[in-house]
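Novice: Quick one, fold the following:
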Amino acid sequence: MARPKTKQELLKLSKENYTKLLDFVQNLSAEDLEKEFPEGYLNRNVRDVLAHLHEWHLMMIGWYEVGMRGKKPDIPAKGYTWKTTPDLNRKIWKQYRETERREVMYMLNTSFQDIQSLIEAHTDEELFEKKRYHWTGSTSLAAYLISASSSHYDWALKLIKKCLK
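Specialist: Below is the predicted model:
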């Protein structure tokens, strides 16, 4: 499916890509679930990738909550810029590296539902109109949600498949 242009397309693609990712992960062997990724990848295993998705869900929800109160959220996070995203991702990796995979899966499922609820709460216009909200700058709320959901799930699935080859 092309980049979503409506609320229904965004919900559908988000759910589809999330389901593809979870189905793939749930069908991995115990060995593959624990397998170390090749050198050069920040996320060292499947759990790390799933924790990364969860934390970006939480950041998206945080941006939204601050922005909708009329304030400017720290995007991507306080003390970080888009150029320093690799440093932020290392911080995320360190934060979750001792968390059990089952717990990460539970947290990810919960934050996924929160993202879906956030999408559900808005009309097409509220989601896709550029510059509608001061905090989203020149883009739309949907652009942020697509990046934090459907596009991110697609990235995660491709990364896991590549690293487990």
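
Novice: Flag the shaky bits of the protein, pLDDT-wise.
Specialist: Within the chain, the stretches with pLDDT under 70 are 1.

Novice: what about Gly70, is that helix, strand or coil?
Specialist: At Gly70, secondary structure determined by DSSP: H, G, I helix; E, B strand; the rest coil is coil.

Novice: go on, Ala2?
Specialist: Applying three-state DSSP: Ala2 is coil.

Novice: ok, how many other residues are close to Lys94?
Specialist: By other Cβ atoms under 10 Å, 9 other residues sit near Lys94. The way it works is simple: take the backbone N, C-alpha and C, and place the C-beta from them, glycine included.

Novice: so where do the helices sit in the protein?
Specialist: 7-26, 30-34, 46-68, 85-96, 101-120, 124-128, 141-148, 150-163 (DSSP state H).

Novice: Any chance of the ones you listed in TSV with distance to Gly79 as columns?
Specialist: Converted to TSV, those look like this (distance: least, Cβ to Cβ, whole Å):
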stretch	distance to Gly79
helix 7-26	29
helix 30-34	33
helix 46-68	13
helix 85-96	9
helix 101-120	22
helix 124-128	29
helix 141-148	20
helix 150-163	22
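
Novice: for those helices, which one sits closest to His134?
Specialist: Nearest to His134 among the helices of the chain is helix 46-68; the distance by Cβ to Cβ comes to 7.5 Å.

Novice: tell me which residues in the closest one are buried?
Specialist: 46-61, 63-64, 67 (16 or more other Cβ atoms under 10 Å).

Novice: Over to stretch 92-99?
Specialist: Ile92, Trp93, Tyr96.

Novice: now do stretch 72-89
Specialist: In terms of neighbour count (16+ other Cβ under 10 Å), stretch 72-89 has its buried residues at Pro73, Ile75, Pro76, Ala77, Tyr80, Leu88, Asn89.

Novice: Looking at the buried residues of stretch 92-99, which is nearest Leu118?
Specialist: Leu118 lies nearest to Ile92 out of those, by Cβ to Cβ, at 20.2 Å.

Novice: Can you tell me the closest non-neighbouring residue to the closest one?
Specialist: Glu55 (4.6 Å; Cβ to Cβ, 6 or more residues apart in numbering).

Novice: can you tell me which residues contact the one you found?
Specialist: Contact analysis of Glu55 by Cβ atoms under 8 Å, 6 or more residues apart in numbering lists Ile92, Gln95, Tyr96.
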